[in-house]
Every structure is written in structure tokens, then in C-alpha cells.
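Asks: A structural model of the following input is requested.
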Amino acid sequence: MREATLLVVEDEPQMLRFLRASLTSHGYRVLEATTAEEGMRLATLHQPDAILTDLGLPDMDGLELTKRLREWSDRPIIVISARGQEEDKVKALDAGADDYLTKPFGTGELMARIRVALRHSQRGNQTQEPIFELGRWRVDLAKREVRVDGAEIHLTPNEYKLLTTLIHHAGKVLTHHLLLKEVWGTSAGAQPHYLRVYMAQLRQKLEEDSARPKHLITEPGVGYRLRLE
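Replies: Okay, the predicted model is just below:
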């Protein structure tokens, strides 16, 4: 894609220098903000391709910034934070973040997450496309047809709904709460074991090795991700 513009909202000077050097060396154009309000202003003015934000900002918690951005923007948001507890990750993802990186992290992991986020954004801009292809998979969303290596795979209605929810958010971590609501409705909020059962069934049908899935990835304590790489 064209040179992507990334907005970094980070008030820690050392981390900001690291992010600036890493991103510019990989060909990204970087906008910088050290407060949430400045981040909102730059996001509105420049419409960046993706946004990286810390949670511990001086004027506003990054969760609140994420919620405000989500009120009008569908650009990928990656939270970068020293808060590494599962609860913090779930809150950030439920607030609208696409991904979560716990400090410290390496340049390689950061770049991989950004590539996936940008690819997800590009897919989102092509929602009219009825065919989803990934490795050995081919999913015809119009015909509700799933094939692996050309062979049609029968999925139950809930298995298919779980798969298509992951496809529509490919590359993004989806929390247990969100998936339960999307597939089973609000009444399933107290039944997280549904997800484990149906994900195991999907892996049996779609993955080459269900014990070591390539695409249907568990994010421990948080949810699941459809990995594109």
C-alpha cells in the first residue's frame, strides 16, 4: 500500500523515541501526540491509517480516548501499555481497540501487529467482496459455502456464525464477551464454555493440525483472533 500514516499517542519520551525510530525506519509517516486531546486533534485533522496509543496519558486514560475515537473513526487502534493484566487487555479491546501490545516489546512484533492491522483495515474497506481466501480456506460469504483445499466443509449455523464473525474482524483480537454476543446473543453471557467447544470443532474441521492451529488463535484469558499471517 502507499506510505501509511501512523498516529502515536505516547507521553513517555524514551518510548516515543523508540516508536519514532522504528516506524520511520520501516517507511511509515509518523504523527506524534503526548496528550489524548492532541491525539484527538491530529486524528481528526489527518485521518491516519492507524493509531497507536498508550493507556497512561496525562490528561485522559487511553481507554477513554479509544472510546471517543471509536465514536467516529474505524481506523485500527493498537494499545501499547505497561499494564499487562488480562483485565486491562479485555477492557481495551471492549473499548474498541483492535490489538494490545504489552511493554516492553520488540520492533519485529510491533511491525507484525501494524501490518495485520493495516491489512484488516484494507479488508474492511472492501466489505462488498463476497469471497474470503486464506491459505487453504475459501469462504463464499454470499453462498454461505466453506471449502478447504477445494473440498466443501459442513458447518453448523453457530460454527458458521463464529467463523464469519472472526472473518469480518480478521486480524483483530475479539473478546469472549463480544463473540458470545455476536454468535449467541446477550443470553449467552454466562456460558463462555460455548466458545471453547465451538472453536475446538472449527479447528477440527478447518485447521491442518487442530492441536497447533495456524489461523484460529487463542488469546489466553481474553478471546480469539483469526490470524492472517
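
Asks: what stretches of the chain score poorly on pLDDT?
Replies: 1-2, 122-129, 186-190 (pLDDT under 70).

Asks: Could you chop it up by domain?
Replies: 5-124, 131-226 (automatic domain parsing).

Asks: Could you identify which of the ones you listed is most buried?
Replies: Most buried of these, by mean neighbour count (mean count of other C-beta atoms under 10 Å): domain 5-124, with a mean of 18. In this view, the C-beta of every residue, glycine as well, is placed from N, C-alpha and C.

Asks: what helices or strands is the strand or helix carrying residue 217 leaning on?
Replies: Under the criterion of DSSP states H and E, residue 217 resides in strand 216-219. In terms of contacts (3 or more C-beta pairs under 8 Å, 6 or more residues apart in numbering; DSSP states H and E), strand 216-219 is packed against helix 193-206, strand 223-226.

Asks: partners of that strand in the sheet?
Replies: Looking at strand 216-219 with DSSP bridges, its partner strands are strand 223-226 (antiparallel).

Asks: can you map out the helices along the protein?
Replies: Taking DSSP state H, the helices of the chain run over residues 13-25, 36-46, 62-70, 86-95, 107-124, 157-168, 176-184, 193-206.

Asks: Next, format the ones you listed as TSV and append distance to residue 131.
Replies: TSV is the format used below for these (distance: least, C-beta to C-beta, whole Å):
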stretch	distance to residue 131
helix 13-25	33
helix 36-46	32
helix 62-70	28
helix 86-95	28
helix 107-124	12
helix 157-168	11
helix 176-184	21
helix 193-206	16
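
Asks: who wins for proximity to residue 56 among those helices?
Replies: With C-beta to C-beta, the closest approach to residue 56 among the helices of the chain belongs to helix 62-70: 7.0 Å.

Asks: Just confirm residue 214 contacts residue 229, I think it does.
Replies: No. If you go by C-beta atoms under 8 Å, residue 214 and residue 229 don't touch, sitting 9.6 Å apart.

Asks: Can you name the residues bridging to residue 80?
Replies: residue 101.

Asks: Need the nearest residue in space to the residue positioned nearest the centre of the chain, chain neighbours excluded.
Replies: Centrality entry for the chain: nearest residue to the mean C-alpha point is residue 172, 1.9 Å, by C-alpha atoms, centre = their mean. Once flanking residues are discounted, residue 172 sits nearest to residue 98: 4.6 Å by C-beta to C-beta, 6 or more residues apart in numbering.

Asks: you'd agree the one you found is up against residue 73?
Replies: No. Using C-beta under 8 Å, residue 98 is not in contact with residue 73; the gap is 11.5 Å.

Asks: Please tell me how far the strand holding residue 217 is from the chain's geometric centre.
Replies: 12 Å (C-alpha atoms, centre = their mean, to the nearest Å).

Asks: Run through who's touching it.
Replies: Contact partners of strand 216-219, identified using C-beta atoms under 8 Å, 6 or more residues apart in numbering, comprise 89, 166, 173, 199, 202, 203, 206, 207, 224, 225, 226, 227.

Asks: hmm, back to that, right, so of the helices of the chain, which gets closest to residue 220?
Replies: Of all the helices of the chain, helix 86-95 sits nearest to residue 220, with 7.5 Å by C-beta to C-beta.
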